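Undergrad: heads up, no residue letters with this:
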């Protein structure tokens, strides 16, 4: 029912803004579907020009023990409609390793 109202609102030019939570969900779902890499956490998000940038922490290689599993930080760019337009890996690290201060 809400999809019908949203579609009607778009037809009248009164598109409802999506929440930050909806943007994060879109970023996670699209990234996981595109890459096959499981997202473990969201570590940031910000408005960027005509869209959104979401920073994700993803499990790239699961190892035993889990403390040596390989994780990576990715940025995901969404356009204003919430469609993924770009992603980029920023760094790779083992789970048990802290950032250098």
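TA: That came in fine, so what should we check first? Computed from a prediction, not measured in an experiment: that's the story for all the values here.
Undergrad: In the biggest helix by length in the chain, which residues are buried?
TA: Taking DSSP state H as the criterion, the chain has its longest helix at helix 20-35. Counting neighbours by 16 or more other C-beta atoms under 10 Å, one finds that the buried residues in helix 20-35 are 23, 24, 26, 27, 28, 30, 31. Every residue, glycine included, has its C-beta placed from N, CA and C.
Undergrad: go on, stretch 93-101?
TA: Those would be residue 95, for stretch 93-101 by 16+ other C-beta under 10 Å.
Undergrad: Can you give the contact residues for that stretch?
TA: Here stretch 93-101 makes contact (C-beta atoms under 8 Å, 6 or more residues apart in numbering) with 66, 67, 68, 69, 70, 71, 72, 73.
Undergrad: Is the second one in a helix, a strand, or coil?
TA: The assignment at residue 67 comes out as helix when based on DSSP: H, G, I helix; E, B strand; the rest coil.
Undergrad: That one: how many residues sit nearby?
TA: Residue 67 is flanked by 10 other residues according to other C-beta atoms under 10 Å.
Undergrad: tell me which element the closest residue to it other than its chain neighbours falls in.
TA: Distance criterion C-beta to C-beta, 6 or more residues apart in numbering; nearest residue to residue 67, sequence neighbours excluded, is residue 96 at 3.8 Å. Under the criterion DSSP states H and E, no helix or strand holds residue 96.
Undergrad: State the distance from residue 96 to residue 87.
TA: 25 Å (C-beta to C-beta, to the nearest Å).
Undergrad: cool, residue 30 as well?
TA: 9 Å.
Undergrad: Likewise for residue 63?
TA: 23 Å.
Undergrad: So the two - more neighbours on which side?
TA: residue 87 (19 against 11).
Undergrad: Spatially central residue for this protein, please.
TA: residue 27 (3.1 Å; C-alpha atoms, centre = their mean).
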